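Novice: coords please:
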Amino acid sequence: MKHKRTALVVGVGLCLILLVTLAQWVMAPIHKLNDWEKPIEASRAKNEPWPVNTAPLDSLQRELALRKALLELPKKDSIHLLINLADSSINLFMNGLTIYQAKATAIEVDPLIKRLNTSVYWAQWSIPRKTVFSQANIVKEPVIEKVAPKTQEEFLASVTSPDSLIYDPAFVHLALDNGTQLILSDEANKFGGRTGRKLYSAYRWRRRGVFLKSVITFSQYTYEPKVYLEAENKALTAIYRALPEQPKVVIYYR
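Specialist: Coordinates of the predicted model:
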């Protein structure tokens, strides 16, 4: 009888843990959406105008949100990142101009981000997002050693040969201030090969730890939606090297 009671208590405990885990997993995106809606509530409290959720005007208002975000980028000579999911482009943006562009060959967008209505979209993407954390397996300022050429042929070969470092698998991870995780990866080596996978694996283990802690302490789990893009490693390396350590990021999609 005692063993049966113990088994019952263990079973009930496991069921409770399973229910809490499931509840945390399901509710996390809802809590994130509520957080993203707070600027709307603050604006309405001040009787300020705010875009309405009207299907015929949706694409126009998102275009206006993009223009507003670009206008709010710092005017000084600094390079920023523009992710245009509508035309699958990754852009370097400076002083009102696109100075470099690469095409994404694969894109994955978190369902939470995909399903935002116009009001929440405006609240999150009508302003440049700050990068609060970044990591990459790319050497920011590579040191290249070359042997002095002895002939004219060797000299021509040395100045026309490409930087070998740009052919390494590329992986860039930017965490934005609204919780969005922007991941840029080499199209030929998902998550940038061994080094990139190691970096991303460390991030995933940290997130698992946070989730486990939220289950144990019955606290709210912070959801982090992701935008994942793949592109040519040479282009990604050039983009990462051109960006400051914590770039401003603008994301646009329809």
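Novice: Take stretch 123-130, keep the C-alpha atoms, and write them as CSV.
Specialist: Taking C-alpha atoms only, stretch 123-130 is exported to CSV below (Å, rounded to 0.1, in the frame of the first residue of the first chain):
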residue,chain,number,x,y,z
ALA,A,123,5.1,49.2,-32.7
GLN,A,124,8.1,46.8,-33.3
TRP,A,125,9.4,47.6,-36.7
SER,A,126,8.8,51.3,-37.4
ILE,A,127,11.9,52.0,-35.3
PRO,A,128,15.5,50.7,-35.7
ARG,A,129,16.2,47.9,-33.3
LYS,A,130,19.4,48.0,-31.2
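Novice: okay, the residue most central in space within the chain: pLDDT?
Specialist: Against the mean C-alpha coordinate of the chain, by CA atoms, centre = their mean, the closest residue is Leu182 at 1.2 Å. The pLDDT attached to Leu182 in the predicted structure is 97.
Novice: Could you do Lys103 as well?
Specialist: If you check Lys103, the pLDDT there is 96.
Novice: Please verify my assumption that it contacts Leu85.
Specialist: No - in terms of CB atoms under 8 Å, Lys103 does not count as a neighbour of Leu85; the distance is 11.9 Å. Quick note: C-beta positions are derived from backbone N, CA and C, even for glycine.
Novice: Looking at the two, which is more packed in?
Specialist: The neighbour count for Lys103 versus Leu85, taken as other CB atoms under 10 Å, is higher for Leu85 (18 against 13).
Novice: The more buried one: what's its closest spatial neighbour, skipping adjacent residues?
Specialist: If you skip the residues right next to it in sequence, Leu85 has Tyr253 as its closest partner in space, 3.7 Å away by CB to CB, 6 or more residues apart in numbering.
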